[in-house]
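Novice: Can you look at this prediction? I've put the sequence above it.
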Amino acid sequence: MICDLPWRESFMIRLWAEPDDDHLVLRGFIQNVHTGHKTYFDSLDLPVGLLLESADRLAHSAERAQVR
């Protein structure tokens with residue numbers, strides 16, 4: 001199956017732990033490889049939400065293209 005570029009997105013996710021008082025806090029960023037835009041987070045809810053939004057957007061683009 002050939003995947004056209006408009007129907008594909010790539011992300012890099014970097015995670016690390018930082019000390020905060022007496023415990024470690026998860027931190028990281030998700031970066032869109034094509035645009036270079038980085039979004040920093042301290043909860044996995046944010047990158048998971050961004051990935052779900054991207055998947056939904058790509059699915060709707062593919063559906064619209066099939067209707068034409």
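Specialist: Structure's in. What do you need?

Novice: ranges for the strands of this structure?
Specialist: Under the criterion DSSP state E, strands of the chain are mapped to 11-20, 23-32, 38-41.

Novice: Which among the ones you listed is found nearest to residue 61?
Specialist: strand 23-32 (15.7 Å; Cβ to Cβ). For the C-beta atoms, the positions are set from N, CA and C on the backbone; glycine is no exception.

Novice: list the buried ones in the closest one?
Specialist: Across strand 23-32, burial judged by 16 or more other Cβ atoms under 10 Å covers 28-31.

Novice: Nearest to residue 40 among those residues?
Specialist: Among those, and counting by Cβ to Cβ, the member closest to residue 40 is residue 29, at 4.7 Å.

Novice: Need the buried residues of strand 23-32 in JSON lines (columns: distance to residue 52).
Specialist: Formatted as JSON lines, those follow (distance: Cβ to Cβ, whole Å):
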{"residue": "28", "distance to residue 52": "17"}
{"residue": "29", "distance to residue 52": "17"}
{"residue": "30", "distance to residue 52": "12"}
{"residue": "31", "distance to residue 52": "17"}
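
Novice: Show me which pair in the residues you listed is furthest apart.
Specialist: Taking Cβ to Cβ, no two of these sit farther apart than 28 and 31, at 10.1 Å.

Novice: So for those two, which residues contact both of them?
Specialist: Common contact partners of residue 28 and residue 31 (Cβ atoms under 8 Å, 6 or more residues apart in numbering): 13-14.

Novice: roughly how far apart are the residue at minimal distance from the centre of the chain and residue 10?
Specialist: Centroid-nearest residue in the chain: residue 51, 4.0 Å away (criterion: Cα atoms, centre = their mean). Using Cβ to Cβ, to the nearest Å, we find residue 51 at a distance of 11 Å from residue 10.

Novice: ditto for residue 30
Specialist: 11 Å.

Novice: where in the chain is pLDDT low?
Specialist: Low-confidence segments of the chain, defined by pLDDT under 70: 1-6, 62-68.
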